[in-house]
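Chemist: coords below, sequence missing:
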């Protein structure tokens, strides 16, 4: 019978946390210092995923055409996904703009919903309605800026993602090194027991 040893578990995973941190830092630096290239890479990753997803859906639909009455919808979904992937590779700029417009419209619709909710909160006497109103207004303005200046908005979004990834990566690296330090301290305290 084998018992779970915390020291062994930490020793086995600390380097995975470190690797995640290093990869996040590298992506963050890439996004901050080469945003155009990073954006293009993200579009190609999406394109590859969409093509694989489309092929899978088409194959699943065709294979289950005798068992599944709605198999045609799987094929349609697969074809749409396949076309989206091909467009991403053939016209990456169009794909980037499409993603930007989706984010912009989502931000505006979400902001309008928050503004409406803030007035409902005010009628109910909630003291935090002002924060909801401010959040909604910022969201609407952000969406409008993205629509008005899509190029600048897209680069700004990528820079924010890069900064977040960089900070997240540093946190993971520090955490991994602390885990490693804890393992070393436990190893100095006594031998690792295995049964």
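Modeler: All right, it came through fine. What you see is a predicted model, and the numbers here were worked out from it, not measured in a lab.
Chemist: which ones are touching the residue nearest to the spatial centre of the chain?
Modeler: Centroid-nearest residue in the chain: residue 161, 9.3 Å away (criterion: C-alpha atoms, centre = their mean). Listed by C-beta atoms under 8 Å, 6 or more residues apart in numbering, the contact set of residue 161 reads residue 31. Where you see a C-beta, it was placed from the backbone N, CA and C, and this is true even at glycine.
Chemist: measure it to residue 69 for me?
Modeler: Noted for residue 161: a distance of 42 Å to residue 69, by C-beta to C-beta, to the nearest Å.
Chemist: same thing with residue 103?
Modeler: Taking C-beta to C-beta, one finds residue 103 at 36 Å from residue 69.
Chemist: more crowded one of those two?
Modeler: Set residue 103 next to residue 69 and count neighbours by other C-beta atoms under 10 Å: residue 103 wins out with 17 against 9.
Chemist: next, residue 128: phi, psi?
Modeler: For residue 128, the backbone dihedrals (degrees, to the nearest 10) come out as phi -100, psi 10.
Chemist: touching, it and residue 121? I think so.
Modeler: Yes - Residue 128 is within contact range of residue 121, at 6.9 Å (criterion: C-beta atoms under 8 Å).
Chemist: these two - which one has more neighbours?
Modeler: Taking neighbours as other C-beta under 10 Å, residue 128 and residue 121 compare with residue 121 leading, 18 against 10.
Chemist: excluding residues flanking it in the chain, which one is nearest the more buried one?
Modeler: In space, and not counting its chain neighbours, residue 121 is closest to residue 129: 3.8 Å by C-beta to C-beta, 6 or more residues apart in numbering.
Chemist: look up the pLDDT of the one you found for me, please.
Modeler: On the pLDDT scale, residue 129 is placed at 85.
Chemist: and it, how close does it get to residue 109?
Modeler: Going from residue 129 to residue 109 by C-beta to C-beta gives 20 Å.
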